[in-house]
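# Dropping the sequence and predicted coords here.
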Amino acid sequence: MIERRLLEVGERLRGLREELRVVDEQLQVLNDAADETGLRALVSETPLSARDHREAQRHADAMSRQRAEVAAAIRRLEVTQDELLDRLVAESR
């Protein structure tokens, strides 16, 4: 039973790590876009450019929150995996 759970946790970890990789790439693009629109907003000082920057920053902030959630899920699964490994070692003695 513990070994099966370890396999399940390992598969979920692999999936979440891949998701984190994708989220990191998307976050980089969104941060770059927010930086670019922020610079444009400073230079042009128009309401439209300020709105574009706020929107771009909102998208980047949302992706940052998503990244934090995925990273937290990975940490929780790693703790679970460590606990399962400890139980497996204890049972094998």
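Thanks, I have the structure now. Computed from a prediction, not measured in an experiment: that's the story for all the values here.
# What is the longest helix of this protein by residue count?
Secondary structure assigned by DSSP state H gives helix 47-92 as the longest helix of the chain.
# Could you list every helix and strand in contact with it?
helix 2-44 (3 or more Cβ pairs under 8 Å, 6 or more residues apart in numbering; DSSP states H and E). All C-beta atoms are positioned from the backbone trio N, CA, C, and that covers glycine.
# how close does residue 45 get to residue 60?
21 Å (Cβ to Cβ, to the nearest Å).
# Could I get the average pLDDT for the longest helix of the chain?
Averaged over helix 47-92, pLDDT sits at 96.
# now do stretch 20-29
98.
# just how off-centre is that stretch within its chain?
8 Å (Cα atoms, centre = their mean, to the nearest Å).
# buried residues in that stretch?
20, 23, 27 (16 or more other Cβ atoms under 10 Å).
# For stretch 38-47, give me every contacting residue.
Under the criterion Cβ atoms under 8 Å, 6 or more residues apart in numbering, residues 49, 50, 52, 53, 56, 57 lie in contact with stretch 38-47.
# and what of stretch 15-32?
56, 59, 60, 63, 64, 66, 67, 70, 71, 73, 74, 77.
# can we see that at 7 Å?
59, 60, 63, 64, 66, 67, 70, 71, 73, 74, 77 (Cβ atoms under 7 Å, 6 or more residues apart in numbering).
# close enough to count as contact, the last one and residue 9?
This points to residue 77. Yes - here residue 77 reaches residue 9: they are 5.6 Å apart, a contact under Cβ atoms under 7 Å.
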